Each structure stands twice: as structure tokens, then as C-alpha cells.
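Visitor: kindly return the folded structure for what I paste below:
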Amino acid sequence: MDLLTLPFMQYALVAAVIIGLAAPSLGIYLVQRRLSLIGDGIGHVALTGVGVGLLTDNSPVLTAVLVATAGAVGVELIRERGRTSGDLALAMLFYGGIAGGVLLVGLSDGAGNSNLMQYLFGSLLTTSPEDLALIGGLGAAVLAAMLVFRPALFALCNDEEYARVSGLPVRTLNLLLAVTTAVTVTIAMRTVGLLLVSALMVVPVAAAQQVTRGFRSTMALAMLIGVLAAVAGILLSAEVDTAPGATIVLLALAAFVATAVGGALARRFRRERERPPAATEPPDVVLHV
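Guide: Residues are numbered from 1 along each chain as shown. Next up is the predicted model:
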């Protein structure tokens, strides 16, 4: 393909591989804790960071990382120390983030409004070498944290009280999940878009759960699905001229449908094989001819 020789396509593909690995590796913990929608909330806060970058002529990716991280940590501390429940804190994250983003983008120049669409829905043309370096460094940090702290995070996500009794640093681990979620959302906004990045964290995990049983195998398959969906989505969107973020998410959803149907058929076939043959009772009357 001639497109693969173009620098922006190479940058986009490398970014897609990084995000396809990092997003599901974090998403499996969020799904385990039933926080699948937290990525959307942090995406709204990242929109405020994008507005700060456009208004001050700084890198929107960097300002989005900083603002989203601060917002995620703040909401986690409110949830832990205050009387605010998790869903209410998440709602405040949604509303405050979108309001701040719209306000700041409105204060920026006219070009900022058109550039904003690239961050909301993703764009192949916006991944620069500087952005790629930032995405690579932060994505590697997220992936390393999810793999290194996997036993502790697994215990936390399954039973927070048990993790606290076991002596694990629950507050630190919760803050780690909040910070890495903010980082993952913001580094993926160039490829997938802020409005769709949460799907890349959740849908590959949901697809992998249809055909796997163990936590480790689910994580590995989810990361594979994430990479395949991200790379195939980038290539397909460049060929047919569609939005890359929407294409990636639709491919991930197609993978979910395929694994759900395949898993159901496999379980049905397994039950049929394991079912004992029906016992035949001898007849009450035997006729001799």
C-alpha cells in the first residue's frame, strides 16, 4: 500500500499499536470494578485540557493529560473521603468537563473550533512526531503499570475491603487507576477521539470475556483484539475515507459480536458432547412372534 509510505500513516499506525495495547490492559480493571463509563467522564475533563491548550497555544495533548489527571485524582479523593457516591462524582466529572471545554474553546480563536473536532472524533493527520513521542512514553508507562501491579490491582478490583485487610495500599492503587485512566484517555484522543476512547478500553475486554475464563488470558486476548481493531481501523479508514475513531470502534464491536456468537456455539457444542446418552428402559411387555 502506498499509504504506508506516508509519514503521517506510519505515525498513526505506531500510535494505534500503543493505544491498542494500553487501553484494554487498563480497561479490564475498570470492567472488573464496574467503572466502564469512567473513560467518558475523564474524556470530558480532557476536553477542558484541550481548550486550555488551544487558548494558550500550547500542546493540547500535554495540557489534556495534566487537566484530566488532576480531575481524575480530585474525583477519586472526593469519592473516598466525602459523602459523594461514585456515580455522583462521575456525573460532576461529565458536566464540569464539558462545560469547561466548551467555555475555553469558545474563548479561543476561530481555528480552535475546527481543530476541536479532531480531538473529539480522532484524525489521522494530527499525529505529529512530538505527539508520537508523548504517546509512546505515556502509553509504555501505562502498560508497564498495569502488568507490574496486576496482582494487587486484581485483588483491589475484586474486593476492595479484602485488599485493605490484606495490607495493600488501597488509596495508592485507586489513585493509580485514576491517573492511568486519565493518561490513556488523553493519549488516545488523536487516533480514536475523546468521545470514543472509552469504547476501546471496554469493548475488547467484553469481547475477550466471551471466549476466555482466566484473568490473564482475558487480558492477553483483549490486548490482541485492541491492537487488531486499532490497526485495521486506521488502514480501513484511510482506504475508504471514514472517521478513524468510529471505524476502530465498529471493528471492535464486530469482534465482540463474533466472539459472543462463537462462544455461545462453542458452549452449546460442549454441553451436547458432555450430555450423557438417554437411558432406555426395558419394555414392560415383550411380544414373541
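
Visitor: centroid residue for the chain?
Guide: Residue closest to the average C-alpha location in the chain (Cα atoms, centre = their mean): residue 201, at 1.4 Å.

Visitor: hmm, it is touching residue 23, no?
Guide: Yes - Residue 201 is in contact with residue 23 according to Cβ atoms under 8 Å; the separation is 4.5 Å. Glycine gets a C-beta too; all of them are placed from N, C-alpha and C.

Visitor: re the thing from before, can you tell me how far the residue nearest to the centre of the chain is from residue 72?
Guide: 14 Å (Cβ to Cβ, to the nearest Å).

Visitor: and for the two, which residues touch both?
Guide: Both residue 201 and residue 72 are in contact with residue 181, where contact means Cβ atoms under 8 Å, 6 or more residues apart in numbering.

Visitor: next secondary structure after the helix or strand harbouring the residue nearest to the centre of the chain?
Guide: Using DSSP states H and E, residue 201 maps to helix 197-209. Sequence order places helix 215-240 as the next helix or strand after helix 197-209, per DSSP H and E.

Visitor: so which bits of that next one are buried?
Guide: 215, 218-219, 221-235, 237-238 (16 or more other Cβ atoms under 10 Å).

Visitor: what mean pLDDT does that helix get?
Guide: Taken as a whole, helix 215-240 has a mean pLDDT of 90.

Visitor: and it, how far out from the chain middle?
Guide: 11 Å (Cα atoms, centre = their mean, to the nearest Å).

Visitor: please shift the residue numbers so they start at 200 in all later answers.
Guide: Okay, using 200 as the starting number, the last item reads as helix 414-439.

Visitor: angle of the next helix or strand after it against helix 414-439?
Guide: Using DSSP H and E, the helix or strand that directly follows helix 414-439 along the chain is helix 443-473. In terms of direction (axes from the mean of the first three to the mean of the last three Cα atoms, to 10 degrees), helix 443-473 departs from helix 414-439 by 130 degrees.

Visitor: tell me how far residue 336 lies from residue 386.
Guide: Separation of residue 336 from residue 386 (Cβ to Cβ): 9 Å.

Visitor: which one's more surrounded, the two?
Guide: residue 386 (29 against 12; other Cβ atoms under 10 Å).

Visitor: tell me who's in contact with that one.
Guide: 217-218, 221, 260, 264, 333-334, 337-338, 341.

Visitor: go on, residue 402?
Guide: Residue 402 makes contact with 448, 451-452, 454-455, according to Cβ under 8 Å, 6+ apart.

Visitor: with residue 250 instead?
Guide: 299-304, 306-307, 311, 315.

Visitor: by pLDDT, rank those residues and give me the bottom one.
Guide: The member of the contacts of residue 250 with the lowest pLDDT is residue 311, at 53.

Visitor: buried sites along whichever strand or helix holds residue 360?
Guide: Element membership for residue 360 (DSSP H and E) is helix 359-364. Under the neighbour-count criterion of 16+ other Cβ under 10 Å, helix 359-364 has residue 362 buried.

Visitor: tell me the first helix or strand C-terminal of that helix.
Guide: Downstream of helix 359-364 (by DSSP H and E), the next one is helix 369-386.

Visitor: format the CA atom coordinates belonging to that following helix as PDB.
Guide: The C-alpha atoms that make up helix 369-386 are tabulated as PDB, following Å, rounded to 0.1, in the frame of the first residue of the first chain:
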ATOM      1  CA  VAL A 369      -5.800   0.800  48.500                       C
ATOM      2  CA  ARG A 370      -5.700   4.500  48.200                       C
ATOM      3  CA  THR A 371      -2.500   4.500  46.200                       C
ATOM      4  CA  LEU A 372      -3.900   1.800  43.900                       C
ATOM      5  CA  ASN A 373      -7.100   3.700  43.400                       C
ATOM      6  CA  LEU A 374      -5.200   6.800  42.500                       C
ATOM      7  CA  LEU A 375      -3.000   4.700  40.100                       C
ATOM      8  CA  LEU A 376      -6.100   3.600  38.300                       C
ATOM      9  CA  ALA A 377      -7.500   7.100  38.100                       C
ATOM     10  CA  VAL A 378      -4.200   8.600  36.800                       C
ATOM     11  CA  THR A 379      -3.600   5.900  34.200                       C
ATOM     12  CA  THR A 380      -7.200   6.200  33.000                       C
ATOM     13  CA  ALA A 381      -6.700   9.900  32.500                       C
ATOM     14  CA  VAL A 382      -3.400   9.300  30.700                       C
ATOM     15  CA  THR A 383      -4.900   6.600  28.500                       C
ATOM     16  CA  VAL A 384      -7.900   8.700  27.500                       C
ATOM     17  CA  THR A 385      -5.800  11.700  26.500                       C
ATOM     18  CA  ILE A 386      -3.100   9.900  24.600                       C
END
